[in-house]
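Asks: Give me a model of this one.
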Amino acid sequence: MQQTILAILGIFCVFAVAQQIHCTSPVRYVVSEFKANWFRASEYCFYRGMQLAIVKTPEEHRQMVEVSKDSHAFSNDSFIAWFGGNDLAEEGIFIWHATGERVRYANWRPGQPDNYGGDEDCMALMNIPASGWQWHANDGPCQNAHYFICQNINDPFRRGVTTF
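Replies: A predicted model of the protein is given here:
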């Protein structure tokens, strides 16, 4: 019953985002309906009263994966979505954009982050099973267009955390 209620609230939140209403439901994460580069994704989440997702624990990562699997963007073959960390200020030091806190937890794939080609500064969630990506975090070129995951700023799990 509780999952049904959360699913309904999640649907409300998606429609609210589409209607430019700030999301105030208890749903934590929402996957975008379109692709954008990391910067536009961040702006869009803020415009909707949300932020690019912050994931501080394995449980939060699991929740973000489950929401991603339930989204229209999900494909068994390939799923890539931006979330809220980057190392734009200092290479190798990933920061949560919305809070300025250092990223302490990320489900990085072994060997990541690697700044491949010297141009990978933004965090993405990747699931490409044929290539060995199993819901891992990756650093990618910020200008690439991917789906993205917004987080409800009114998230009840974030009490006591300020965004600015």
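Asks: For D121, give me its contacts.
Replies: Shown in contact with D121 (Cβ atoms under 8 Å, 6 or more residues apart in numbering): 86-88, 91, 115, 139, 141-142. (C-beta placed from N, C-alpha, C; glycine too.)
Asks: Any quick ChimeraX command for the buried ones out of those?
Replies: What follows is the ChimeraX syntax for the buried subset of the contacts of D121, where burial is set by 16 or more other Cβ atoms under 10 Å:
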select :86,87,139,142
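Asks: Which ones among the contacts of D121 lie within strands?
Replies: Among the contacts of D121, the members falling in strands (DSSP state E) are 86, 139.
Asks: which of the contacts of D121 lies closest to N152?
Replies: N86 (20.5 Å; Cβ to Cβ).
Asks: Reformat the contacts of D121 as a markdown table; add distance to F39.
Replies: Formatted as a markdown table, the contacts of D121 follow (distance: Cβ to Cβ, whole Å):
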| residue | distance to F39 |
| --- | --- |
| N86 | 10 |
| D87 | 14 |
| L88 | 10 |
| E91 | 18 |
| N115 | 18 |
| D139 | 15 |
| P141 | 12 |
| C142 | 6 |
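Asks: and V67, how many neighbours does it have?
Replies: Close neighbours of V67, defined as other Cβ atoms under 10 Å, add up to 20.
Asks: centroid residue for the protein?
Replies: Geometric centre of the chain, nearest residue: F83, 2.9 Å, by Cα atoms, centre = their mean.
Asks: Name the residues that touch the helix or strand hosting it?
Replies: Per DSSP states H and E, F83 falls inside strand 79-86. The contact list for strand 79-86, computed with Cβ under 8 Å, 6+ apart, reads 31-32, 36, 38, 41-42, 51-55, 64, 68, 73, 94-98, 103, 106, 121-128, 137, 140, 142, 146-149, 151.
Asks: Quick one: the strands in the protein, in order.
Replies: Using DSSP E, strands in the chain cover 29-31, 50-52, 79-86, 95-96, 122-128, 133-140, 147-152.
Asks: any idea how far the first one is from the chain center?
Replies: Taking the mean of its C-alpha atoms, strand 29-31 sits 7 Å from the chain's own mean (Cα atoms, centre = their mean, to the nearest Å).
Asks: what do you get for the last one?
Replies: The gap between where strand 147-152 is centred and where its chain is centred comes out at 5 Å by Cα atoms, centre = their mean.
Asks: Look up how far S42 lies from the residue nearest to the centre of the chain.
Replies: 10 Å (Cβ to Cβ, to the nearest Å).
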